[in-house]
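> build me a model:
(2 chains)
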Amino acid sequence: MDDKIRSVLTHKISVKKITFTVMDILLFLVLTGFALIMRYALRNVVAGDYKMFFEPWVATLREAGGGIKGLSAEFEYVDYTTPYLTILSFISICPFLNTLLLMKLVSIFFDFVAAFAVMAIVYDRTKNMTYGILGYGALLMVPTVLTNGAMWAQCDIIFTSFVLWSLYFMLKDKPAWSMAFYGIAFAFKLQTLFLAPLYVILWMKGKVKLKHFLFLPLMYVIGMIPSLLAGKSFWELISVYFFQANGQMDIYALSHKFPNIYQLIGTDSFLFEYADAGIWVTLGALMILMYCFARKQYEMNACLLLRMGMLLTMTVVFFLPHMHERYAILVDVMAIIYVFFDFRKLYIPVLTILCSFAGYTVYLAQNNIIPMYVYTILFLLLMLDHARACVKGMQDGKIAVGE
Amino acid sequence: MDKKITDFLIKEIKIGKWMLAPIDLLLFVAAAVFSVMIRISVVDYTAIELPAFVKYGNMLGIVTGITDLLLAVLGAWIVYDLTNRKIRAFLTYAILLLLPVLCASCAMWGMGDSIYIFFAVLSLYLLMKGKGNASLVTYGISLFLSRYAFFLLPIYAIAFMQKKNKLLYFLFPLCGVWFRNGIVHQSGYLPVPSFEMERLFVKLRGESLLSQNWPNIFQMIGTDKFIQEYSLVAKVAAASLMLLVIMLVLLRSREMSGEGIWYVGLVLSILIPYVMPQMDERAGLLSCVLYLLFAMKHPDLYYLAIVQVIITYISFSAYFRGESVIPLSAVALAELFVLLLTILRADHVWKVQQEEAR
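Residues are numbered from 1 along each chain as shown, chains lettered A, B, ... in the order given. Just a heads-up that it's a prediction; the model follows:
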């Protein structure tokens, strides 16, 4: 009897070159169930952002007729691009469930899209479906991913999921697909650009062609179509990101509960001076890193690509002013993938997510138990660790043709 | 003269089938005496001024003194079996008897945790020795005595997949949980002091906070917000982590070695209370004992074992005093580092063993 159960659980099934066991299927189902239960538990939480922004936005869209028609609405303030506003506009006229739940459901759907991307990346790397499913489950359990959508009703996972699929195709050496997904991510959120330096480095390494970068404006313009159909002007739509880049809404603090450099030097002094200087410092830091990573001759592998991606994104959110709690979500998800590449680095996702989640706690629960500067120091140490590992990775994969 | 005395102390003599030096026996007796003295010093403390606590507290303190001794002997036996070194075995015996957290839990607080720890450790030892079914019986007893034994459950699932026990014997842990729930949580009454006290304790503490002084994740993110939501999320997260551990161990080794069993037990006993909601001060006791036993096999880990004991005692202290001297959020961060270092070390040992096997 016992042996029968064991043999059933370990029975191998092959579907199109992919081999998995009955236990893998069970694991997948259980983890999916667990992920749904966790999200169900958070369904009734109403965050301040919903009351202050989302609810009025959806009401405005509804008043304008909802659906495509709703996109013609005039907002007092909105910093989302057309693709997400289109989703909100359709939510506004949805006859079942309330707006909050529908918004959360959209984000939860993309939680799973992101989880499948992680599964694909991990499977591609390990050629073991169990690891792939564990990656899928791990992403769904990440506190920042879980709370971002299911608790806070934010939508950062949407652009993150497209970035993950972009990374997947990049690792599969399909640059056009990769940049197409990166373009879709860009059409949803400006924060996609945090990872842009990585793609520049990949271009320098010959992994991407310059023409592939055209997917960014292309996808952005395609994303604008619903609003154009609703009668909005082209210039108004294209200026959304310029408005965001100016940070007009966020100027009251240099960091919005994110553990970055401003938590060490003060988030409320020299607001204008540091806001400008911070941007230049960020660009300078990126320039130095990009020079270093692009100039050296080495073989770019998947592991190095992920570490560079994490380091560059961390550099941006560490130095850039007006960063919000949620802006390191890209680092969080990349760290989860990375641990499946090198289990010795388990501390990276744990500590990265801890730092990232600290800001969530301050916002959602108004709890500031450990001073933010402690998390900043941790974050800085992680960045240094990444930098050291990147240098080592480049040295290990050094190509003998000059340096 | 001095030389004579020192020579006498370290000269081994045959007692039964054992070769022992008088200094070993001296430590054996002295540790027992000291442990009794420590327990007598604190036994009068009454944690909660309720009739049952007053009535049974002292009695249980004395009874658990015996189980403390049994646990110390068992620990020494296991260390001897693992290392084949007498000195380490005697040291284990003495350290376990004098371990502050065990003294505080049993003699001072009257919670009797050494009883369930004894059975949990015995269960792991039996599994190590290839007696998987007997291991499940003792694990069932341990689960019957305390909910904290639950942390070890994945080990038995792994053992099942590796053909070390039979499915039928899982009835024992199941019955353990069943009876325990009936006695402690369904307000049933059994005239056994330990259960009566725990029932009162559970009733008193309730589920009002996400963490009852145990330095886990909730001490960092807040113990008093989103209690209902986070409780369910955290329980599911703990179950997911258990699954993760099971799958990772099954993926990485076809056969879990004796040392592997200890490591998995150790990691689980730190990991699960770190994410589980409503964990109280005693949630780390099992990990302290497992860590100490493990540090005897791997002395380079002694510092982590000591840190784990200190962390647990800080938590105890927070209960006894009503507040913690060191903020529990900082202690929780330290516990996270202990957890990470333990997992990384486990991974390293695993790899070394695999290479050796090749």
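> residue numbers of the stretch 51-200 of chain A in contact with chain B?
A:128, A:130-131, A:134, A:137-138, A:141, A:146, A:151 (CB under 8 Å from any CB of the partner chain). Placement of C-beta: from N, CA and C, glycine included.
> at 10 Å what do you get?
A:126, A:128, A:130-131, A:133-134, A:137-138, A:140-141, A:143, A:146-147, A:150-151 (CB under 10 Å from any CB of the partner chain).
> show me the contacts for residue B:135.
B:122-129, B:155-156, B:159, B:164-165, B:169, B:172, B:261 (CB atoms under 10 Å, 6 or more residues apart in numbering or on different chains).
> likewise for residue B:105?
Per CB under 10 Å, 6+ apart, neighbours of residue B:105: B:64, B:68, B:99, B:111-114, B:117, B:281-282, B:285, B:288, B:312, B:316.
> do residue B:98 as well
B:31, B:34-35, B:38, B:68, B:72.
> out of these, which end up buried?
B:31, B:35, B:38, B:68, B:72 (16 or more other CB atoms under 10 Å in any protein chain shown).
> what's the pLDDT at the last one?
It refers to residue B:72. The pLDDT attached to residue B:72 in the predicted structure is 94.
> quick one: buried residues of whichever strand or helix holds it?
Element membership for residue B:72, per DSSP states H and E: helix B:51-83. By neighbour count on 16+ other CB under 10 Å, the buried set for helix B:51-83 is B:53, B:56-58, B:60-61, B:63-65, B:67-69, B:71-76, B:78-80, B:82-83.
> packing partners for that helix?
helix B:22-42, helix B:86-98, helix B:100-103, helix B:113-128, helix B:193-205, helix B:258-275, helix B:285-297 (3 or more CB pairs under 10 Å, 6 or more residues apart in numbering or on different chains; DSSP states H and E).
> what kind of secondary structure is residue B:324 in?
Following DSSP: H, G, I helix; E, B strand; the rest coil, the label given to residue B:324 is coil.
> against residue B:213, how distant is the closest residue to it other than its chain neighbours?
Nearest non-adjacent residue to residue B:324, counting by CB to CB, 6 or more residues apart in numbering or on different chains: residue B:318, 3.8 Å away. Using CB to CB, to the nearest Å, residue B:318 is found at 4 Å from residue B:213.
> overlap in contacts of those two?
B:281, B:324, B:328, B:331.
> which one among these gets closest to chain A?
residue B:328 (8.8 Å; CB to the nearest CB).
> wait, what's in contact with the closest one?
A:369, B:211, B:213-216, B:218-220, B:223, B:311, B:314-315, B:318, B:335.
> mind checking which of the residues you listed are in helices?
B:218-220, B:311, B:314-315, B:318, B:335 (DSSP state H).
> of those residues, closest to chain A?
residue B:220 (5.8 Å).
> and the pLDDT at the closest one?
The predicted local confidence for residue B:220 is 92.
> picking up where we left off before, show me which of the contacts of residue B:328 are buried.
Buried, going by 16+ other CB under 10 Å: A:369, B:211, B:213-216, B:218-220, B:223, B:311, B:314-315, B:318, B:335, out of these.
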